[in-house]
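A.B. asks: any chance you can model this:
(one chain, ligands or ions: 1)
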Amino acid sequence: MHDCSTDETMSYISLKELEEHNGSDKRSSWIVLYGQVYDITSFINLHPGGNILQYATGIADATCLFESYHSKSSIKKCQALLMKHGKYLGELSIETESKCKYVMNTYDDGTILDSTNFYCTLRNRVDVYLEKNYGGRHAFQWIYQTEAVLTLILYCLTTYYKSFKNSYFAAVCLGVIMARMGFLMHSGNHCGISSNPYWNRFVGFFMDIIGSSHYTWTYEHQIAHHTTPNEYHKDNDCEIGDPLFRFHPLISDVEQTNKDNSKKTSARFRIYIRRYQHILVPILMSIGFFKWTINDIEFLIKSKGGNIRLATKIHVIMSTLITKMLWLIIHVIVPYVYYGGKYTLVTLIIFMVIGAYYLENIFIVNHIQENLQTPMIHVDNRRSLHWAIHQVYTTANWKSNSYLATFISGGLNHQIEHHLFPSMNIYLYPVISQIVQEECYKFGLPYHNYTSFTTAWLDMFYYLKKLGNRNTNLDHLQ
Ligand code: HEM
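C.D. replies: Modelled structure (predicted):
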């Protein structure tokens, strides 16, 4: 990386300035690694890992993505490439809170061991082990590629029978297949399907085939969620349902500054609803697919999705609109013309609800749990945690080491391994989980692993209930 000690006059770049260089149409692309800002416009299209690099530009800290996506042996190549083609611009301004995220690895109050070498040690062990025994992070990629192609064929067949052949059974199967497409696109957009970036792009596009947008999803998931899991005002996933529901302890019952009566009523309504959120959330999960299909358009138009800014790209907006139109024609207009409104509505509800239930139940248990917060949640300087330690604290597995659970959940049962090595083939997670557990233990870090999906789900349910029933007080509004 750039040696700042030789700089006579250091330049500082503000977060605002950085955000303007996020690779939007006609804008350049800047990336922040280890607090240093680089202009990578000239080689962004030459990146050997493919176009995933575009998402990491214009964000406050891409160190987590940089470290977690490259193997031990790749990192040196990356640094050489960056030195050759990237232009060092300066340091990210000191006022930018995220800057210190990488620099310090221990809590300010010293309550935890110095874990500076946790990720380095772990990654070296994992990569050496995989290289020696399996030939690298993409072993078994042919299995995953075959699974992707077969799933796509099944999607086309079930869609055909549902939309053109009046089959309710096909609608049920389509729901399951849609969820499987969701797991696959998750791996594709994480570059986990293959060492070939085109395969990853192809499978990542499954998200658009099922009616959503891989572009907005990648920003929300890769940037907002993966770099800052369970962090309030950063990770969109811990704010789903807000203001109605509370998935995170820092979500307030009331708007602090507000004193007028209408808001007081809405705060009361919220408190009332939250009391039953553990019942309502599992019911409302059913509309997840409908929500995604519509939300994407809003995100693209506003260039913003929750806590994250999106780079505006006209060709992406156009292609998203086209794929959504095609989805609408195939799943709504065609069955409506052939079989009428009732059939269309019922089959739409069947496959959208089954798909959403399968997918959402799997991913909701990995982060929404009582014990999944960094220890200093109420203290601002918790950002001093190294990103990998943050991931371990805020993530839970269920049924680690089970290949069946890995297949059923698309690898999401190994959420800890996934957050530490997002681009690894999911079928290697059971292989490395023993190493991850051992290193967590050595460094005094937790390794949350539920013995079954049911225990994880029930704990999530009770935690939602607890969060919803938290003592609340409206007095200060008066
Ligand atoms: C400016 C920063 C970066 C540089 C210079 C860079 C450079 C490279 C290089 C040289 C490789 C080939 C490695 C090899 O052949 O062993 C590579 C692969 C890759 N990069 Fe990057 N990269 C950067 C940032 C990122 C970021 C931020 C991400 C993720 C968001 C990413 C994702 C990947 C992926 C997925 C691969 C393929 C790895 C594989 O097949 O296992 N890169 N990158």
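A.B. asks: name the nearest residue to whichever residue of the stretch 351-478 of the chain sits closest to the ligand, sequence neighbours excluded.
C.D. replies: Nearest to the ligand, among the residues of the stretch 351-478 of the chain, is Ser423, at 4.5 Å (Cβ to the nearest ligand atom). (Glycine included, C-beta is placed from N, CA and C.) Of all residues not flanking Ser423 in the chain, Cys191 sits nearest, at 4.2 Å (Cβ to Cβ, 6 or more residues apart in numbering).
A.B. asks: do the same with Ile354
C.D. replies: Ile354 sits nearest to Gly175 (Cβ to Cβ, 6+ apart), 2.6 Å away.
A.B. asks: okay but the one you found is in contact with Ile350, surely?
C.D. replies: Yes - with contact defined as Cβ atoms under 8 Å, Gly175 reaches Ile350; the gap is 6.2 Å.
A.B. asks: residue contacts, the nearest residue to Gly306 once chain neighbours are set aside?
C.D. replies: Spatial nearest neighbour of Gly306, excluding adjacent residues (Cβ to Cβ, 6+ apart): Asn236 at 3.7 Å. Shown in contact with Asn236 (Cβ atoms under 8 Å, 6 or more residues apart in numbering): 220, 224-225, 305-308.
A.B. asks: any chance of JSON lines for those, columns neighbour count and secondary structure?
C.D. replies: What follows is the contacts of Asn236, written out as JSON lines (neighbours: other Cβ atoms under 10 Å; DSSP: H, G, I helix; E, B strand; the rest coil):
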{"residue": "Glu220", "neighbour count": "23", "secondary structure": "helix"}
{"residue": "Ala224", "neighbour count": "22", "secondary structure": "helix"}
{"residue": "His225", "neighbour count": "23", "secondary structure": "helix"}
{"residue": "Gly305", "neighbour count": "20", "secondary structure": "strand"}
{"residue": "Gly306", "neighbour count": "18", "secondary structure": "coil"}
{"residue": "Asn307", "neighbour count": "18", "secondary structure": "coil"}
{"residue": "Ile308", "neighbour count": "23", "secondary structure": "strand"}
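A.B. asks: and the furthest pair within these?
C.D. replies: His225 and Gly305 (11.2 Å; Cβ to Cβ).
A.B. asks: now the element after the helix or strand bottoming out on mean pLDDT in the chain, going C-ward?
C.D. replies: Within the chain, no helix or strand scores below helix 100-103, which has a mean of 40 by mean pLDDT, DSSP states H and E. Following helix 100-103 in sequence order, the next helix or strand is helix 118-134 (DSSP states H and E).
A.B. asks: Gly175 and Ile350 - which one has more neighbours?
C.D. replies: Per other Cβ atoms under 10 Å, whichever of Gly175 and Ile350 has more neighbours is Gly175, with 24 against 19.
A.B. asks: report the buried residues of the helix ranked longest in the chain.
C.D. replies: In the chain, with assignment by DSSP state H, the single longest helix is helix 334-364. Using 16 or more other Cβ atoms under 10 Å as the test for burial, helix 334-364 gives 334-336, 339, 343-344, 347-348, 350-364.
A.B. asks: flag every residue of the stretch 1-150 of the chain that's near the ligand.
C.D. replies: 31, 40, 47-49, 52-53, 56, 62, 65-66, 69-71, 73-74, 77-78, 81-82, 86, 137 (Cβ under 6 Å from any ligand atom).
A.B. asks: filter those residues down to the ones in helices?
C.D. replies: Using DSSP H, these in helices are 65-66, 69, 73-74, 77-78, 81-82.
A.B. asks: and the residue in the stretch 201-350 of the chain that the ligand sits nearest to, how many neighbours?
C.D. replies: Residue nearest to the ligand within the stretch 201-350 of the chain (Cβ to the nearest ligand atom): Gln222, separated by 6.6 Å. A count of nearby residues for Gln222, using other Cβ under 10 Å, gives 20.
A.B. asks: tell me the confidence at it?
C.D. replies: As predicted, Gln222 sits at a pLDDT of 93.
A.B. asks: what does the one 4 residues further on give?
C.D. replies: Per-residue confidence for His226 comes out at a pLDDT of 95.
A.B. asks: spit out the contact partners of it.
C.D. replies: 64-65, 68, 419, 422.
A.B. asks: now the residue nearest to Gly306, what are its backbone angles?
C.D. replies: Backbone torsions for Asn236, taken as degrees, to the nearest 10, come to phi -60, psi -30.
A.B. asks: against Ile330, how distant is His186?
C.D. replies: Counting by Cβ to Cβ, to the nearest Å, the gap from His186 to Ile330 is 23 Å.
A.B. asks: also Gln54?
C.D. replies: Relative to Ile330, and taking Cβ to Cβ, Gln54 is found at 29 Å.
A.B. asks: please apply the same query to Ser286.
C.D. replies: 21 Å.
A.B. asks: with Glu231 instead?
C.D. replies: On the measure of Cβ to Cβ, Glu231 and Ile330 end up 38 Å apart.
A.B. asks: these two - which one has more neighbours?
C.D. replies: Glu231 (21 against 17).
A.B. asks: isn't the more buried one right up against Glu239?
C.D. replies: No - with contact defined as Cβ under 8 Å, Glu231 does not reach Glu239; the gap is 10.2 Å.
A.B. asks: what separation do you get for Tyr450 and Val365?
C.D. replies: Tyr450 is 8 Å from Val365, by Cβ to Cβ.
A.B. asks: burial count for the residue of the stretch 151-300 of the chain found nearest the ligand?
C.D. replies: Here the stretch 151-300 of the chain gets closest to the ligand at one residue, Cys191, 3.6 Å apart by Cβ to the nearest ligand atom. By the criterion of other Cβ under 10 Å, Cys191 has 24 neighbours.
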